[in-house]
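> Got a sequence here, can you build the structure:
(chains A and B)
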Amino acid sequence: MIFSIFYLFPLLYGILVSFTDFRLSGIDFNGLSNYKKIFSNYAFWRSLAGTARYAVIVIPLQMAVPLWIANTLRSHGNKVNVLVKLFIYLPNVTCSVALVIVWNFLFWPNIGLFSRIFDNLGIVGFSFFDNANISIPVISLLIVFSCMGQNVVIFCAAINSIPQTYYEAAELDGAVKFQQFRYITIPFLSSVITYVLVTNSIGALQIFVIPQLMTGGGPNYASSTLLMLIYNSAFGNNQFGYASAIGVLLFILSGIIAVIQFKVTKREAIEY
Amino acid sequence: MKKLLMLLLAAVLAMSVLSACGGNGSNEGSSKVPAEDDGVESQTGSGEHKEVVLTAWYMAIDGIDPYYEAWGNAVTEKYPWISIEFEALTADAIAEKFAVACATGTTPDLYLDGYSRIAPAVHANLTIDLTQVVEANKDRFYSEQKDGIVNGQNRYIAISDGAPYCLVTNMTLAKELGIADMLPEDMETWSYTDFLDMLRAAKAAKPDVIPTSLYAGSKSGDAWYYSWFLGNGANITNEELTATVINDDGNREAALEVLEVFKTMIDEGLVPGGCASLVDTDVESMFYTGNMLFYPSAYNKVTQMNKLMQEGTCAEFEVDAVAMPTFQGEKSPVTVSWGSDGVVGFGNNGHENEARMAIEVLVSTPQLREDLIRTRGNLSVMSDCIIEYDTEQISSVMARGADYGGRCATSSFGIRESWWSDFRETFYVQLQDFFVGNIDAETMLANWQNTGNEVIAAALTTE
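The predicted model follows:
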């Protein structure tokens, strides 16, 4: 019942709204108009491209860096483990808006810290956000930094559950750290890696807060994402039907990517 | 058994959620009978007044505004069974919250904001009829209530006129830099060359100073740009409001002159880098530091900044305002005003009459409106209001702003149309591309005209 109220009903209602012209004065069924409009709107294509660009940077980094950190922490004592995890997890429990405010102080043109440094180097008036080729990587790094704590904790827990005997046996056989990681850690973590990959991919398709607050999606949608387009269409322009149609496409896209990832990464779990 | 208990628990939770969604049951179901007060209907139940709590939203300048509470107290004093619960919304949140509320039928009983934001709800007939209130107080208004009349019914009441757009000026800084005398004597008549020379002089006198700023990171504050175009004689839409004309032969040259000024400001470093992603509130923060000469905004900022200075949240300096320049420095150009700030009521909670009575109290009590208008820094639309400001200097600036607004302000170029929100986006995204150098001025105008026309055509077809 709860699932129906909070998930199923909004989902079905959203799909229904996507076939309507949802205005303040009422709802009119307009068939596939919203979907046709999506594909003829360059803002959609730019936002889709922007989403893909964020995802291409964010997903690998959000997988690789936490995995490396977790693997490194395996050989350290408990105190170091806890301290490092605490430090890395801190941005996860900090309000994204507060983080962005601080980052804006760093990246702001003219009065930001980096801007001052660039000024001293003779590069006056430099802006990180005028060019999507710069703003998307910068924002992606910030997203990775603010979200990787979760993955570190998951990978640490998974690595700690691998029996130590495998590593000891490998050491006796002369396996170096990288070989242990490649032939013991990775295979044992395959199901966890799949889970993290799928959830992170879905998360990457839903990037919103940080670019919305830092660039607003500009210039001309170059750093926009699909979720930003949905938000701005619905709440900026009162086009709820159009926004719902993009939402439906995003939902389908997320599903397709998740299925592909499950298929590609499917392998038998190792029991121990 | 365990399953049954789980099911029961889920059912109870679901019921509680559904009942919570149903609104405040105690406020509903009262019957309507005519009352004697000022031609406005009252709501009673079996001869005795049933207690009613009205909800009201307004845009906060700085937290809960005591003047709104004063209005609530005045309503309760006159109608003891009515009280008002106010909710102050930030500029960032108000548009989203109001749009969702209108779309889902969860609006408050009272809503105070600019007409440009309220207009879609008025045109969708979501707001209650206030014709009785306007009729009962028609002698108070300076002019006819033009806004908010749909099908002969008045569904919105203006409290104040929006202040005209201008360049808010840090006079202390101008004097310190020795360039105050470069401002026009009447604070109105100056050319693009005069303006750019003053920005250059500021930069030359003190390189750390930010002469002024441009911004294109959000849709808000766009009226400042429209003031430049309209003031220089470039119309944005045609008179019938059925097409964009900014790139037509009669307007293109004037529009290009404006864009040339912006480009010069960017190229010469007279504005901060990153203008394409800065938003108007970023620029406001820069101005608060006291290190920016001109702040692109409106006259009402002068009073609002004075309040912030008194509270210690802004550097202290003398604030003035100068009109936007024109290409050759002609007098009395056109400036943009967002129209009026005012109030509407909604009847979806069953409090239509109480909302109307509360609005009537606001309209018929000059003191309440005076305080509101003074805080907002806007101009009164009713003759019974005499606004006194904190200092003579502010009074003088505001009087100048009122005169300037009276002569030059316009809000008739489409900002009250239902398609405006979509239309303004077509402007900003092109401006962003222009600011970062992806497109030139001619392309920007052509793109804006094309995309703007698409938006208007689509809206007119739907209507």
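
> is it true that residue B:254 lies in a helix?
Yes. Residue B:254 forms part of a helix when assessed by DSSP: H, G, I helix; E, B strand; the rest coil.

> three-state assignment of the nearest residue to it once chain neighbours are set aside?
Spatial nearest neighbour of residue B:254, chain neighbours left out: residue B:234 (3.8 Å); criterion: Cβ to Cβ, 6 or more residues apart in numbering or on different chains. To be clear about C-beta, it is placed using only N, CA and C from the backbone, and glycine gets the same treatment. The local conformation at residue B:234, judged by three-state DSSP, is coil.

> And the strands in the stretch 301-450 of chain B?
Applying DSSP state E, counting those that start in this stretch to the stretch 301-450 of chain B gives strands spanning B:319-322, B:335-336, B:340-345, B:379-380, B:409-410.

> do the stretch 1-150 of chain B as well
Under DSSP E, counting those that start in this stretch, the stretch 1-150 of chain B gives strands at B:31-33, B:42-44, B:52-59, B:82-89, B:110-114, B:149-150.

> So which of those is nearest chain A?
Proximity to chain A (Cβ to the nearest Cβ) singles out strand B:149-150 among the strands of the stretch 1-150 of chain B, at 10.8 Å.

> Against which helices or strands is the closest one packed?
Judged by 3 or more Cβ pairs under 8 Å, 6 or more residues apart in numbering or on different chains; DSSP states H and E, strand B:149-150 is in contact with no other helix or strand.

> Can you identify the element that follows that strand toward the C-terminus?
Next in sequence after strand B:149-150, counting helices and strands by DSSP states H and E, comes strand B:153-154.

> Quick check: mean pLDDT of that following strand?
Mean per-residue pLDDT for strand B:153-154: 86.

> Let me see the contact set for the most centrally placed residue in chain B.
By Cα atoms, centre = their mean, chain B has its centre lying nearest to residue B:114, at 4.6 Å. The contact partners of residue B:114, by Cβ atoms under 8 Å, 6 or more residues apart in numbering or on different chains, come to B:162, B:338, B:339, B:340, B:341, B:342.

> Columns pLDDT and distance to residue A:91 on top of those, output as a markdown table?
Listed next are the contacts of residue B:114 as a markdown table, based on pLDDT from 0 to 100; distance: Cβ to Cβ, whole Å:
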| residue | pLDDT | distance to residue A:91 |
| --- | --- | --- |
| B:162 | 74 | 41 |
| B:338 | 75 | 39 |
| B:339 | 72 | 43 |
| B:340 | 78 | 45 |
| B:341 | 82 | 40 |
| B:342 | 87 | 44 |
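
> Buried by neighbour count, from those: which ones?
B:162, B:338, B:339, B:340, B:341, B:342 (16 or more other Cβ atoms under 10 Å in any protein chain shown).

> biggest separation within those, which pair?
Greatest spacing in those, by Cβ to Cβ: B:338 and B:342 (11.3 Å).

> Now for these two: what residues contact both?
Residues touching both residue B:338 and residue B:342 by Cβ under 8 Å, 6+ apart: B:114, B:115.

> So the residue nearest to residue B:254 is in contact with residue B:248, correct?
No. Counting by Cβ atoms under 8 Å, residue B:234 stays clear of residue B:248, with 9.4 Å between them.

> Please say which of those two ends up with more neighbours.
Set side by side, residue B:234 and residue B:248 show more neighbours around residue B:234, with 25 against 15, by other Cβ atoms under 10 Å in any protein chain shown.

> can you pull the contacts of the more buried one?
Contacts of residue B:234 (Cβ under 8 Å, 6+ apart): B:246, B:251, B:252, B:254, B:255, B:258.

> Go through the lengthiest helix in chain B and flag the buried ones.
In chain B, ranked by residue count with DSSP state H as the criterion, the top helix is helix B:441-462. Under the neighbour-count criterion of 16+ other Cβ under 10 Å, helix B:441-462 has B:441, B:444-449, B:451-456, B:459 buried.

> from the residues you listed, which has minimum pLDDT?
Across these, the member with the lowest pLDDT is residue B:459, scoring 81.

> Once you drop chain neighbours, what's closest to that one?
residue B:419 (3.5 Å).

> Repeat that for residue A:240.
Here the residue nearest residue A:240, using Cβ to Cβ, 6+ apart, is residue A:22, at 3.9 Å.

> go on, residue B:179?
Excluding its sequence neighbours, the residue lying closest to residue B:179 (Cβ to Cβ, 6+ apart) is residue B:201, at 4.7 Å.

> mind exporting the helix or strand where the one you found lies as CSV, just the C-alpha atoms?
Assigning secondary structure by DSSP H and E places residue B:201 in helix B:192-205. Provided in CSV are the C-alpha atoms of helix B:192-205 (Å, rounded to 0.1, in the frame of the first residue of the first chain):
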residue,chain,number,x,y,z
TYR,B,192,26.8,55.0,-23.4
THR,B,193,30.1,56.7,-23.9
ASP,B,194,29.6,58.6,-20.6
PHE,B,195,28.7,55.4,-18.8
LEU,B,196,31.7,53.4,-20.2
ASP,B,197,34.1,56.3,-19.5
MET,B,198,33.0,56.3,-15.9
LEU,B,199,33.5,52.5,-15.6
ARG,B,200,37.0,52.9,-17.1
ALA,B,201,37.8,55.7,-14.8
ALA,B,202,36.8,53.6,-11.8
LYS,B,203,39.0,50.8,-12.9
ALA,B,204,41.9,53.1,-13.6
ALA,B,205,41.5,54.8,-10.2
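
> The residue most central in space within chain A: what's it in contact with?
For chain A, the residue nearest the mean C-alpha position is residue A:204 (2.9 Å; Cα atoms, centre = their mean). Contacts here follow Cβ under 8 Å, 6+ apart; on that basis residue A:204 touches A:51, A:54, A:55, A:58, A:59, A:62.

> would it count as being in a strand?
No. Under the criterion used here (three-state DSSP), residue A:204 is helix, not part of a strand.

> What does the pLDDT read for it?
Residue-level pLDDT assigned to residue A:204 equals 93.

> Kindly report the same for residue A:220.
89.

> Do I have it right that it meets residue B:435?
No. The pair residue A:220 and residue B:435 fails to qualify as a contact (Cβ under 8 Å) at a distance of 10.1 Å.

> one step back: skipping adjacent residues, who's closest to the residue nearest to the centre of chain A in space?
residue A:55 (3.9 Å).

> Within the helices and strands, which one has that neighbour?
Here residue A:55 is assigned to helix A:42-74, by DSSP H and E.
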